[in-house]
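A.B. asks: Test case, fold it:
(chains A, B and C)
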Amino acid sequence: MVRTIQTCLGGILSGVLLSGPAQAAEPSAAPPIKISQESQACIKCHELYTPGIVRDWQKSLHARTTPRQALLQEEINRRISVTAVPEELAGVAVGCYECHSRNADTHKDHFRHNGYMINVIVSPADCKVCHEKEVVQYTGTKKAHAVGNLMSNPVYHGLVQTVTGVKRLVPGGMAQDPATMTTLTDTCLGCHGAVIEVKGMKKIQTPVGEISVPDLSPWPNQGVGRVNPDGSMGTCTSCHSRHTFSIEMARKPATCGQCHLDPDVPAYNVYNASKHGNLYYSLGSKWNFTAVPWKLGEDFQSPTCATCHTSLVVKPNGAIIAERTHDFGARLWVRLFGLPYSHPQPVKGDTTIIRNSDGLPLPTNLSGQPASAFLITPDEQQRRQKGMQTICINCHGTSWTEGHFNRLAATVKETDAMTLVATQLLADAWQAGVADKTIPFDEAIEKQWLRQWLFYGNSVRYASAMSGAFDYAAFKNGWWEMSEDLERMRDKIETMKWVKEKKEKKEKKEHD
Amino acid sequence: MVRTIQTCLGGILSGVLLSGPAQAAEPSAAPPIKISQESQACIKCHELYTPGIVRDWQKSLHARTTPRQALLQEEINRRISVTAVPEELAGVAVGCYECHSRNADTHKDHFRHNGYMINVIVSPADCKVCHEKEVVQYTGTKKAHAVGNLMSNPVYHGLVQTVTGVKRLVPGGMAQDPATMTTLTDTCLGCHGAVIEVKGMKKIQTPVGEISVPDLSPWPNQGVGRVNPDGSMGTCTSCHSRHTFSIEMARKPATCGQCHLDPDVPAYNVYNASKHGNLYYSLGSKWNFTAVPWKLGEDFQSPTCATCHTSLVVKPNGAIIAERTHDFGARLWVRLFGLPYSHPQPVKGDTTIIRNSDGLPLPTNLSGQPASAFLITPDEQQRRQKGMQTICINCHGTSWTEGHFNRLAATVKETDAMTLVATQLLADAWQAGVADKTIPFDEAIEKQWLRQWLFYGNSVRYASAMSGAFDYAAFKNGWWEMSEDLERMRDKIETMKWVKEKKEKKEKKEHD
Amino acid sequence: MVRTIQTCLGGILSGVLLSGPAQAAEPSAAPPIKISQESQACIKCHELYTPGIVRDWQKSLHARTTPRQALLQEEINRRISVTAVPEELAGVAVGCYECHSRNADTHKDHFRHNGYMINVIVSPADCKVCHEKEVVQYTGTKKAHAVGNLMSNPVYHGLVQTVTGVKRLVPGGMAQDPATMTTLTDTCLGCHGAVIEVKGMKKIQTPVGEISVPDLSPWPNQGVGRVNPDGSMGTCTSCHSRHTFSIEMARKPATCGQCHLDPDVPAYNVYNASKHGNLYYSLGSKWNFTAVPWKLGEDFQSPTCATCHTSLVVKPNGAIIAERTHDFGARLWVRLFGLPYSHPQPVKGDTTIIRNSDGLPLPTNLSGQPASAFLITPDEQQRRQKGMQTICINCHGTSWTEGHFNRLAATVKETDAMTLVATQLLADAWQAGVADKTIPFDEAIEKQWLRQWLFYGNSVRYASAMSGAFDYAAFKNGWWEMSEDLERMRDKIETMKWVKEKKEKKEKKEHD
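C.D. replies: Model prediction:
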């Protein structure tokens, strides 16, 4: 039996569907959409107990179209990337059960819930049934590998522990406990994602009494590289939040701003202070954030993050400027994020395989020489840069665009030169025996060095790349700090050497 | 004589009242509202001289309804909490005179103004005639007691002086003048509020010539705990700004963001970087911020500050999720704000009565032991946490919700452990005689310790509590700084001890 | 031949022009606007290759009105300030060619482009043909002189070099290269502007093949004081972005926020945390940002930056509150921005002519005494303050307003007193020979001193002036930092003196 959403929810939806100009493109007089019997059962109960997500879903396109209808659209207008969907999904709304029951055999979080077999987590592998291209693209990215890239790289993992482990005083110094999973998912793994394990079933008290559910751990977590109980990587809801899964949301900068914040990766702060951001915050309320494809100049007057890094962007006459990609690094030629120097983008999303000339799992060595075997070639760099320029020149002249990119290249070089000076100062400290090189990220003077490239170098480079946020290149974690940091490092190392000398003299004296 | 606002302002208002979807619920064809003769007199003049506030008021609900009409609403829809109002107020708009003339006998700021007896300040005691429950609730809160809680607590007052007093060089060091009232109301008392005294009458030059008005001091001030000339505490306009007194404004996070900012209490910053904030900034322009009660899922898709801490929130079917409260701590079980450790919420709004085990007016002692006699019990803590969870589970599963709260509990514990290490380092400095324990908040090394819990501990706890702002738990005043701060304290104390030793040796040598 | 925009773009524009309430004032049934033959030729090609700016322009008022129509408006409603325009411009839309071909003889960036003689840069001298008053006002300002004021003042230029020059280790210390133009335009000159030179012609590859264009250097740059190839100063597009040139944008705070950010000039941050900002962010989506004149209370309920500093503001009855000015300092009596102390506004936009009592090009000497001959008089200060109060009192009582301004005066005095203490500490370092006074802005201890007034003093003063952003006066670069900075300076200087003493003793010993 299939009832229609019109029957269940008609009165409510009529107001919802038509509110706001962004919804204007939706067919208000569309025939009612069928909801599967299973999803109706979900809604019947959850409308009482979790009405927030039910209403959220009802405002989604998933509630207002079927995959079959989606496939009737011209390809350029489609929001799904397969050419066919399984028959049982094709004719009904993309409802609760359609998503939460897929690929049951791979889901360790599969369980019986009020007579239905349900997965707790809907993973990219499930979304793939309609959004295949996006999932395939995403799965190859650094984002999808964000957990392993951080936690399985001993250098980065050392930093994670040094920063987030609880400290305690011990005779002669400070010791630290291993970082706990609760703190890790509050900090690094909040953005990077965690490996979600299913530790069996557990009983929980709910408004409808005690029920048994899979015992997920750690939980909750929605980081971009989450490893799901079905083995897939990532979670689409990092950017397309449950249960509206809105393209509008993913196109707005606050979404990226959840993680891409200063001091380490200040893309959102920089955007907000840039001319592009200025246009968005001043005039953006009149733009169309739901149109597919996204027409430059017509739908929007200034790019958001998605425009340059992800979206299918076309000219007003329909000519394609950039194809949609969910490989967020695919349009990038240089990785501004210093490790410790900026470098060509890695070839693979899994960066743990990288070895620099010293054998360390870092994309450059401490002198700045890139681990080229693991990074894209100059040719590929140039190809990607051209691709990005193809977007810029739809608003900016060729000369303007080239000037911008040349400036960025110079800024990358200069900030890396500043990192090199800081590294030379640190090498002096290691040499003098006042710091220990073994783990280069875990002493006070080493963290002062980390600031140079992780906070200040990154800030200057992002500000240059996104043009306009001059404070982030100057006073606000910019050149002011880059220059001052060198002075601080120098002064600190001088003091350390001098204290060491005194101590040794004293010890020698006592020994004599 | 009573004229109607329709007569005075009809043409103007017709445009105003109907603009924007948020106003859609208002009766566009409502009969004209009577304005009292006295308020008409106010408007006649003030429309020429302070048109900003007159137009502001004309856009308010106060200008478009009478208390009698308000009482005709179903109780759940009402915006007033009394069951009857004085006859002279019932049938007219809530105009200038209705508010600025109440309780004249208690108002030291009462004066004759163009033939009318007027109070300069409309206080919560005046608003109480219609909004009784809200005022009663508010009066018992920490916010209402915010002036005394800061200025009458010798420990906190010491910090206030140390931070905001003008310094000068004196032989052998630096001295400081007492903080001035101008600077106090620019800083601490800007948010906390000031005690407003009436120093008689004064003559001022205005566009209509010289007039006599009460001489208020300090003035202006609109802090949340302002002590008014009628003895009442607080000012409703901190959040419901003059003269629209908008519920929409109070429900939007920028209102709380006036004071709840990093580094000390980064709730607004954390919200802005959280998933909830992401939803608000991406989709919030389509939500309904004026509906009473506030329907979760239907009126809004993500909570703002008010949703979780204040508002009357209901399910789409009308079932109450949370009752409205203007006791902003009433739904909170733990006080994340370290003093110096986080602790159960205080029982009373007046926190000057608290004494820790060392007799100091702090809610914990320096080892973290809570001053339990003055704090809510574990049972009450559990009751309140359950209440908060009741809101969360309307969108999140029980398991998700519990996982979130358990993580917060772990984070509270770990950040307090980090504060303990900092305190042990400080105790060592006190012990060694390089710092003086008498006032624990006024030396350079003590301020370094304050940073540990006031800036960094708070940041990590708020980020955990509001889930998602991972940068505020990691790099941005988070664990990075918590860990570095300990190193800085240790290094600084070592240097201080060593300088002391040298100095003593030298003095001994000179003495010998 | 003159075709009409209706013919070319009618279908598209009909949707665009009528979207959003802010456009409501525009005549939807206006007769089609003529576009000059030359501009039609531009559009024909650029619609294909730079559709972004073409659509941007089509959304502008320039595309929807002619200068002749503009002159038909009542003077108070006009957006142009001349009384007549050249006949060839009067009857057509303000199109590509109308702006990019003006004053060809003065434009070193003039070149032949597909048969038309074109200027790359449209300068204020070109905009002047319609917006004469604005350009004349702007040309006299500190903004217009922002390049020279920074780069031709040896003291400030020394700081620029110290901050932005790439450092390298040399025996015995660190040396620095001169700052490069790429980094300067990424940092200081990004906001201040650069001197744009035309280095001949160059060939570039574009989507339509190789073309020759003027070789501008540096390029791009849109700082407020840009010196253009025609010798004019400034660029209107810093605030009225290409090619919408929107008054709405210039009136919204994000525009000013591109440059007026913390830590050095935190006006935008302070506004965002102030009550005025709170109103804007909570209710501003319903305000009218395009009306001319701008009706206080009716069009907007709270000021933005433009209201107090620039716009033509009137009462609802049409009475003028403040005349429009593009001299952004014209309403200011005190310059809060310390150099190193706050001081009366300079008389002229060119501040390189200023000499303090020590002969340095600074508006005060190191004790705070102003270089009065170059600054406005107390009478003029009072006149301007009265002017500003005239805006405030349309919403705030006289007593409130005076209290606010008196508090600001006290805050200015106290922050300057804090700068004096820092200067005394620095003078002690100079005296003791541990720092070198010659260039007072280039050593580590001098930068610590710079922080006192450039970051912390400024933050406190801006917070006081714009009332409400108490965190910026307290914890966030406010009094907390001002007080701590003195302690840091004192401790650092003590260490420096002591190290010097030891070194000298050692050297003496070795010498003996």
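
A.B. asks: what about residue A:332, how many neighbours?
C.D. replies: Per other Cβ atoms under 10 Å in any protein chain shown, the neighbour tally for residue A:332 reads 20. C-beta here means a position set from N, CA and C on the backbone, and glycine is covered the same way.

A.B. asks: list the contacts for it?
C.D. replies: Counting by Cβ atoms under 8 Å, 6 or more residues apart in numbering or on different chains, residue A:332 touches A:309, A:345, A:384, A:388.

A.B. asks: how close does the nearest residue to residue A:256 once chain neighbours are set aside get to residue A:377?
C.D. replies: Nearest non-adjacent residue to residue A:256, counting by Cβ to Cβ, 6 or more residues apart in numbering or on different chains: residue A:305, 4.5 Å away. From residue A:305 across to residue A:377, the span is 26 Å (Cβ to Cβ, to the nearest Å).

A.B. asks: which bits of the stretch 201-350 of chain A sit near chain C?
C.D. replies: Residues of the stretch 201-350 of chain A found near chain C (Cβ under 8 Å from any Cβ of the partner chain) are A:272-275, A:277-279, A:281-283, A:285-286, A:296-298, A:301, A:315-317.

A.B. asks: if I read this right, residue A:329 contacts residue A:140, doesn't it?
C.D. replies: No: contact between residue A:329 and residue A:140 fails when scored by Cβ atoms under 8 Å: they sit 9.4 Å apart.

A.B. asks: What does residue A:168 show for phi and psi?
C.D. replies: Note on residue A:168: backbone dihedrals following degrees, to the nearest 10 are phi -150, psi 150.

A.B. asks: Go back to the residues of the stretch 201-350 of chain A next to chain C and keep what's next to chain B.
C.D. replies: Among those, the residues that sit close to chain B (Cβ under 8 Å from any Cβ) are residue A:285.

A.B. asks: I would like the residues contacting stretch A:154-167, please.
C.D. replies: A:149-151, A:174-180, A:183-184, A:187-188, A:360-362, A:439-442, A:447, A:450, B:414, B:417-418, B:421, B:474, B:479-480, B:483, B:486.

A.B. asks: Provide a PyMOL selection command restricted to the buried entries of those residues.
C.D. replies: To isolate the buried ones among the contacts of stretch A:154-167 in PyMOL, judged by 16 or more other Cβ atoms under 10 Å in any protein chain shown, type:
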select buried, (chain A and resi 149+150+151+176+179+180+183+184+187+188+360+361+362+440+441+442+447+450) or (chain B and resi 414+418+421+474+479+480+483+486)
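
A.B. asks: of the contacts of stretch A:154-167, list those near chain C.
C.D. replies: Within the contacts of stretch A:154-167, nothing lies near chain C by Cβ under 8 Å from any Cβ.

A.B. asks: Might you name the residue of the stretch 101-250 of chain A sitting closest to chain C?
C.D. replies: The minimum distance from the stretch 101-250 of chain A to chain C, using Cβ to the nearest Cβ, falls at residue A:248 (16.2 Å).

A.B. asks: near chain B, which residues of the stretch 351-500 of chain A show up?
C.D. replies: A:444, A:447, A:455.

A.B. asks: With adjacent residues omitted, what lies nearest to the residue positioned nearest the centre of chain A?
C.D. replies: Nearest residue to the geometric centre of chain A (Cα atoms, centre = their mean): residue A:224, 5.3 Å. Distances taken as Cβ to Cβ, 6+ apart place residue A:143 nearest to residue A:224, at 4.4 Å, with adjacent residues excluded.

A.B. asks: So what's the residue count around the one you found?
C.D. replies: 25.

A.B. asks: which SS state does it fall under?
C.D. replies: Assigned with DSSP: H, G, I helix; E, B strand; the rest coil, residue A:143 falls in the coil class.

A.B. asks: I'd say it and residue A:328 touch.
C.D. replies: Yes: if you go by Cβ under 8 Å, residue A:143 and residue A:328 touch, sitting 6.1 Å apart.

A.B. asks: Just the pLDDT for the residue nearest to residue A:256.
C.D. replies: pLDDT, residue A:305: 98.

A.B. asks: Tell me who's in contact with it.
C.D. replies: If you count contacts by Cβ under 8 Å, 6+ apart, then residue A:305 has A:253, A:255, A:256, A:260, A:267, A:271 around it.

A.B. asks: would the last one count as being in a strand?
C.D. replies: No: secondary structure of residue A:271 (three-state DSSP): helix, not part of a strand.

A.B. asks: what's the closest non-adjacent residue to it?
C.D. replies: In space, residue A:271 is closest to residue A:277, 4.6 Å off (Cβ to Cβ, 6+ apart).

A.B. asks: And the fifth one, by the same measure?
C.D. replies: The spatial neighbour of residue A:267 that comes closest, neighbours along the chain excluded (Cβ to Cβ, 6+ apart), is residue A:260 at 4.0 Å.

A.B. asks: Surely residue A:308 is in a strand?
C.D. replies: No: applying three-state DSSP, one finds residue A:308 to be helix, outside a strand.

A.B. asks: wait, it sits on residue A:328?
C.D. replies: No: Residue A:308 lies out of contact with residue A:328 (Cβ under 8 Å); the separation is 10.4 Å.

A.B. asks: out of these two, which sits in the more crowded spot?
C.D. replies: When residue A:308 and residue A:328 are compared on other Cβ under 10 Å, the one with more neighbours turns out to be residue A:328, at 20 against 17.

A.B. asks: hmm, back to that, show only the entries of the contacts of residue A:332 found in helices.
C.D. replies: Cross-referencing the contacts of residue A:332 against helices under DSSP state H gives A:309, A:384, A:388.

A.B. asks: ok, these vs chain B, which is closest?
C.D. replies: residue A:309 (16.6 Å).

A.B. asks: how deep is the closest one tucked in, by neighbour count?
C.D. replies: So residue A:309, with other Cβ under 10 Å, has 21 neighbours.

A.B. asks: rewinding a little: for the residue nearest to residue A:267, helix, strand, or coil?
C.D. replies: coil.

A.B. asks: Settle this for me: it is touching residue A:254, isn't it.
C.D. replies: No: using Cβ under 8 Å, residue A:260 makes no contact with residue A:254, being 10.7 Å away.
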